[in-house]
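Participant: predicted coordinates and the sequence they were generated for:
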Amino acid sequence: MNEIEAAIQDKVRSLLEAEKIQFFIGYEKGSDPIHSAPCFVKEPKDVERLVWDPFCAHNLVTFIIDEKKRELPRGEEPDSRPIGLLVKGCDSKAMIQLMSENKIAREEVYIIGVCCNGVIDSTKLEKILTEKSIDFEALAESDIQVDKDSVVIKYKKEKVSIAKKRVLLDKCPDCMSPNTLVYDDLLGDSVEPADSRDYTSVEEIEALSLDKRWEFWKKLLTRCIRCSACRNICPICYCKECAVDSAHQVITPKTTYQEKANKGTWIEQTVDLPENLFFHLTRMLHMAGRCINCGECERVCPMNIPLSLLTRKLEKEVKELFGYEPGKDVDAKPLMSTFEEDDPGDFIK
Amino acid sequence: MSEFEPKIVAFLCKWCSSAGADLAGVSRLEYKPNVIPIRVMCSGRVDPLFVLKALKEGADGVLVSGCHPGDCHYVQGNMFARRRFIILKKLLEFVGIHPDRFQVSWVSASEGTKFTKVIDDVVESVKALGPQTKFKKVGIDE
Ligand code: SF4
Ligand code: SF4
Ligand code: FES
């Protein structure tokens, strides 16, 4: 057990014992040593399940939104105590964004922040290990050592070293907020943030001709099965009713014509390129000035669609056009419900 | 084969651009008949999803036209619209849809001539691009 892990456990134990929080959301070890999973701790005896290692990928802020959406069972009194939450640097931007949108109040969450040295992309690591015919499921946790630049794996008395940058999540190398920005407690040594964001992947697409770009996206978006995982995991996407769900209107003999008329069908259920494109553009339009590039949508996509190309493009445009950075300032005005007299307007005839 | 005639969907705000179109009409100015005008109360009423839906349903191009900055009947509607539309435009371009497929203009109630010019320009530029096939749903007929 590392120091941070011990500190988390101690802190959570004392919070739970003093009944200061409803429950705590952190990470526990997943089904194999190269995955960690979200973990809800309600009893002090369970705090030993909590871990902190380089596989803690999930943005746990999403669960606060889920919790707020949950209808209270009949007879249950609302609990006014905060929910405890483990928040990495990048994820704290989601927290700030939600606070600026008045979706979460600061006192509703007890935040334990952790300074983060980067999270390993289990999928990338799994691929490399499989190529080297290493059975990662048989590894013990202590067989995996992650230091500053490399991941060292002990396997059958051999040592395999993999450069860390090959297996980091795409969002980590140019992370500009490795240290949690809002917190009640902060653990770990402060980490040096990157100097600037790296938009090479976006610029490569921008450099293509329109038709080439279309071919590129056509290939990717035809693959989308519209499972909506990317939308559901997003911490910033919180509406109870979503524009892209209009296809799921249930029509019964009792549905009136007014109801049918008032419920526009933006998207049809069919999974094809135009509908998929519509889905993704809608998602991006609704995320403009709000997406904090936590990369969760890309991580959960079962079809491995590089959605962060879209989210990074959005981030880049919003910054260039309006000098706006979501998730930075709690008092920032929402980008799309404000304007400036001198907003760019050259595209208008 | 007959020449390709583009189908343009135009969202015109009631107070300026739509009135501008009326002025063009009563002044007997001629403009290209390829446009399907849809009157909305304000350019701020135009959700970017309207534009996407029009393209998906087979429009070759979409025009949104509203009052000049400062003239909006609801004071600020067009200013909010301007922010939304530039993001939409950037995203459409990023996925490879020609920027001329979605155009925006400010036309006031007194600018009948400007209205005809805007329409003619939009029609010409979209005509040059040919039919819009990328976003269009298969099975939507002419
Ligand atoms: S998670 Fe992937 S497959 Fe599912 S809807 Fe999103 S992009 Fe499509
Ligand atoms: S990166 Fe994806 S999941 Fe994260 S805020 Fe942006 S859209 Fe949501
Ligand atoms: S009323 Fe014309 S743009 Fe608002």
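Facilitator: Thanks, I have the structure now. Ligands and ions are numbered 1, 2, ... in the order given.

Participant: phi, psi for residue 8 please.
Facilitator: Defaulting to chain A. phi -60, psi -50 (degrees, to the nearest 10).

Participant: not what I meant, chain B
Facilitator: phi -110, psi 130.

Participant: how many neighbours does it have?
Facilitator: 23 (other Cβ atoms under 10 Å in any protein chain shown). Glycine gets a C-beta too; all of them are placed from N, C-alpha and C.

Participant: isn't it up against B:Val62?
Facilitator: Yes: shown here, B:Ile8 and B:Val62 form a contact pair, counting by Cβ atoms under 8 Å, at 7.1 Å.

Participant: which ones are touching A:Val114?
Facilitator: A:Ile4, A:Ile8, A:Trp52, A:Leu86, A:Val87, A:Lys88, A:Gly89, A:Thr180, A:Leu186, A:Leu187, A:Gly188 (Cβ atoms under 8 Å, 6 or more residues apart in numbering or on different chains).

Participant: of these, which belong to strands?
Facilitator: Per DSSP state E, strands hold the following members of these: A:Leu86, A:Val87, A:Lys88, A:Leu186, A:Leu187.

Participant: ok, A:Pro33 - contacts?
Facilitator: A:Phe136, A:Glu137, A:Leu139, A:Ala140, A:Glu141, A:Asp143, A:Ile144.

Participant: how many neighbours does the fifth one have?
Facilitator: Per other Cβ under 10 Å, the neighbour tally for A:Glu141 reads 13.

Participant: the residue of the stretch 51-200 of chain A found nearest ligand 1: which element?
Facilitator: The nearest approach of the stretch 51-200 of chain A to ligand 1 comes at A:Thr123, 13.6 Å away (Cβ to the nearest ligand atom). Assigned by DSSP states H and E, A:Thr123 belongs to helix A:122-131.

Participant: what packs against that helix?
Facilitator: helix A:164-167 (3 or more Cβ pairs under 8 Å, 6 or more residues apart in numbering or on different chains; DSSP states H and E).

Participant: show me what the residue nearest the centre of chain B is bridged to.
Facilitator: Closest to where the C-alpha atoms of chain B average out (Cα atoms, centre = their mean) is B:Leu63, at 0.9 Å. Using DSSP bridges, the bridge partners assigned to B:Leu63 are B:Ala10, B:Gln103.

Participant: that one and ligand 1, how far apart?
Facilitator: 31 Å (Cβ to the nearest ligand atom, to the nearest Å).

Participant: can you pull the contacts of that residue?
Facilitator: By Cβ under 8 Å, 6+ apart, the neighbours of B:Leu63 are B:Ile8, B:Val9, B:Ala10, B:Phe11, B:Val35, B:Gln103, B:Val104, B:Ser105, B:Val118, B:Ile119, B:Val122.

Participant: for the chain, which spans come out with low pLDDT?
Facilitator: Going with chain A. A:246-249, A:262-264 (pLDDT under 70).

Participant: wait, I meant chain B there
Facilitator: Looking at chain B by pLDDT under 70, you get B:1, B:140-142.

Participant: so what's the residue of the stretch 101-250 of chain A found nearest ligand 3 up against?
Facilitator: For the stretch 101-250 of chain A, the residue closest to ligand 3 is A:Ala243, as judged by Cβ to the nearest ligand atom, at 22.5 Å. Neighbouring residues of A:Ala243 by Cβ under 8 Å, 6+ apart: A:Trp266, A:Ile267, A:Thr282, A:His286, B:Leu49.
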